[in-house]
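Chemist: Generate coordinates for the sequence data below:
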Amino acid sequence: MFKPATKSNLKIRLALSGSAGAGKTYSALAIASDISQKIAVIDTERGSASRYADLFQFDVCELDSHHPAKYIEAIKSAEAAGYEVIVIDSLSHAWYAELELAGTNRGGGTSFDGWKNVRPLERKLLDAIVSSRCHIIATMRSKTEWDTTQRDSNGKMKPTKIGTAPIQTSGIEYEFDIAGELSAEHILYISKSRCPELQDTSWLKPGLELAQALKNWMSTAPVTQSGAPTVAAVHPQDLRVKQIRTLLDYPVDLVKEWLSFQDAKFPSQLEPHIVDELIKTMCLAWAADKIDHPNHAENSFKKHVSSAISPEFEELAAIKQWMQHIQSANVQNVPVHSA
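Modeler: A predicted model of the protein is given here:
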């Protein structure tokens, strides 16, 4: 009756939510393209995905009706046609349709009689997503709010657009293996994950690196002597660069370009001292418009980062403290090299 569990048939269930402009569609396509070239997009955003047709290869079905049954029909059609990844962009429109079917407006109001008929439709759609033979990447809109507590380098208020809860049924994230929120700066924060390596991580302009982590997780895990499966881990050098790149908000495309000059695709393919140079390059690029003289920036980095790292003081913490030192000096108009 029972047999050892494996991940050989595991399919990704990934949810990406965010406010307008956060990069939900682009991120979904970037991740999907690094998983498979057989991609079907269910588009309810009036052709939003097709704007990226010159960057990614995919087929699209544009839904005029957002009834849950139409989503289910499109998912089944994609499966039958042999697609390997289905991008649903976006799942929020199904929620809008459900509200209308239940006799509830988008802002509130409740019709219990209406929901008795709509809940089964909602459940059928979620079941179609969970049980699909394809990988599913679904985007969802988030309610938009503004954070007015942030300040720029001059101490002036810097309003930042943030997304709150996804526009979908309550608890929708539990239907997915991995769920995350994209910020206005295109940073994906993983808030829920069945993959331990991804829990509470962040990814700037998610694409190849996140797709690789997902593929590692999907692969059949080797078995330990005790019979328990082990989880494929992200290489420490790859994780190191990712965390620092995200902290600095350094473009991933520039990292890829730097790696290509080293004939590598991942930092883990390089010697640690070469990766040190990549870290230094990213940090000095961050400081370029904050410190007048390049030599001052390099000296500051050496003093506050290179020389500060110790068994008790990790690299990431040293870089954070160095960034705060520079930002504080800028606000106070104190030259960094003498601060």
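Chemist: Just give the closest residue to residue 121, not the sequence neighbours.
Modeler: For residue 121, ignoring the flanking residues on the chain, the nearest one in space by C-beta to C-beta, 6 or more residues apart in numbering is residue 68 at 4.5 Å. (Glycine included, C-beta is placed from N, CA and C.)
Chemist: What does the pLDDT read for that neighbour?
Modeler: According to the prediction, residue 68 has pLDDT 94.
Chemist: got the contact list for it?
Modeler: Counting by C-beta atoms under 8 Å, 6 or more residues apart in numbering, residue 68 makes contact with 94, 97, 98, 121, 122, 124, 125.
Chemist: So what's the residue count around the fifth one?
Modeler: This points to residue 122. 20 (other C-beta atoms under 10 Å).
Chemist: ok, now the third one?
Modeler: Applying the criterion other C-beta under 10 Å, we find 22 residues in the vicinity of residue 98.
Chemist: go on, the fourth one?
Modeler: Counted with other C-beta under 10 Å, residues neighbouring residue 121 total 19.
Chemist: That one sits in which helix or strand?
Modeler: helix 112-130 (DSSP states H and E).
Chemist: do the first one as well
Modeler: Counting by DSSP H and E, the element that carries residue 94 is helix 92-101.
Chemist: what's that helix packed up against?
Modeler: helix 68-80, helix 112-130, strand 135-147 (3 or more C-beta pairs under 8 Å, 6 or more residues apart in numbering; DSSP states H and E).
Chemist: quick one: residue 305 and residue 319 touch, right?
Modeler: Yes: with contact defined as C-beta atoms under 8 Å, residue 305 reaches residue 319; the gap is 5.7 Å.
Chemist: any residues in contact with both of these two?
Modeler: With C-beta under 8 Å, 6+ apart, residue 305 and residue 319 have common neighbours residue 283.
Chemist: Comparing the two, which shows the higher neighbour count?
Modeler: residue 319 (23 against 20).
Chemist: what about residue 143, neighbour count?
Modeler: Here the count is done by other C-beta under 10 Å, and residue 143 has 12 residues near it.
Chemist: Over to residue 173?
Modeler: Neighbour tally, residue 173, other C-beta under 10 Å: 18.
Chemist: That one contacts residue 15, correct?
Modeler: Yes: taking contacts as C-beta under 8 Å, residue 173 lies within contact range of residue 15: 6.0 Å.
Chemist: what is in contact with these two at once?
Modeler: Counting by C-beta under 8 Å, 6+ apart, the residues touching both residue 173 and residue 15 are 166, 179.
Chemist: give me every residue that touches the residue nearest to residue 185 when sequence neighbours are not counted.
Modeler: Spatially, and ignoring its direct neighbours in sequence, residue 185 is nearest to residue 249 (6.3 Å; C-beta to C-beta, 6+ apart). Neighbour list for residue 249: 185, 187, 204, 286 [criterion: C-beta under 8 Å, 6+ apart].
Chemist: in a strand, that's where the first one is, yeah?
Modeler: Spelled out, it's residue 185. No: under DSSP: H, G, I helix; E, B strand; the rest coil, residue 185 falls outside any strand and is assigned coil.
Chemist: How many neighbouring residues does it have?
Modeler: By other C-beta under 10 Å, the burial measure for residue 185, its neighbour count, is 13.
Chemist: Dihedrals phi and psi, it?
Modeler: phi -90, psi 10 (degrees, to the nearest 10).
Chemist: what does the third one give?
Modeler: The phi and psi torsions at residue 204 (degrees, to the nearest 10) take the values phi -80, psi 130.
Chemist: What's the separation between it and residue 317?
Modeler: Plainly put, residue 204 is 19 Å away from residue 317 if you go by C-beta to C-beta, to the nearest Å.
Chemist: any idea where the strands of this structure begin and end?
Modeler: 13-18, 39-43, 59-62, 85-89, 135-147, 160-166, 178-182, 187-193, 202-204 (DSSP state E).
Chemist: Just send those strands back as TSV, with mean pLDDT and distance to residue 212 too.
Modeler: Converted to TSV, those look like this (pLDDT from 0 to 100; distance: least, C-beta to C-beta, whole Å):
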stretch	mean pLDDT	distance to residue 212
strand 13-18	93	14
strand 39-43	97	17
strand 59-62	95	24
strand 85-89	96	15
strand 135-147	81	14
strand 160-166	58	25
strand 178-182	91	14
strand 187-193	90	15
strand 202-204	89	11
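Chemist: could you dump those strands to JSON lines with distance to residue 211?
Modeler: Shown next, in JSON lines, are the strands of the chain (distance: least, C-beta to C-beta, whole Å):
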{"stretch": "strand 13-18", "distance to residue 211": "10"}
{"stretch": "strand 39-43", "distance to residue 211": "12"}
{"stretch": "strand 59-62", "distance to residue 211": "19"}
{"stretch": "strand 85-89", "distance to residue 211": "10"}
{"stretch": "strand 135-147", "distance to residue 211": "10"}
{"stretch": "strand 160-166", "distance to residue 211": "22"}
{"stretch": "strand 178-182", "distance to residue 211": "12"}
{"stretch": "strand 187-193", "distance to residue 211": "12"}
{"stretch": "strand 202-204", "distance to residue 211": "10"}
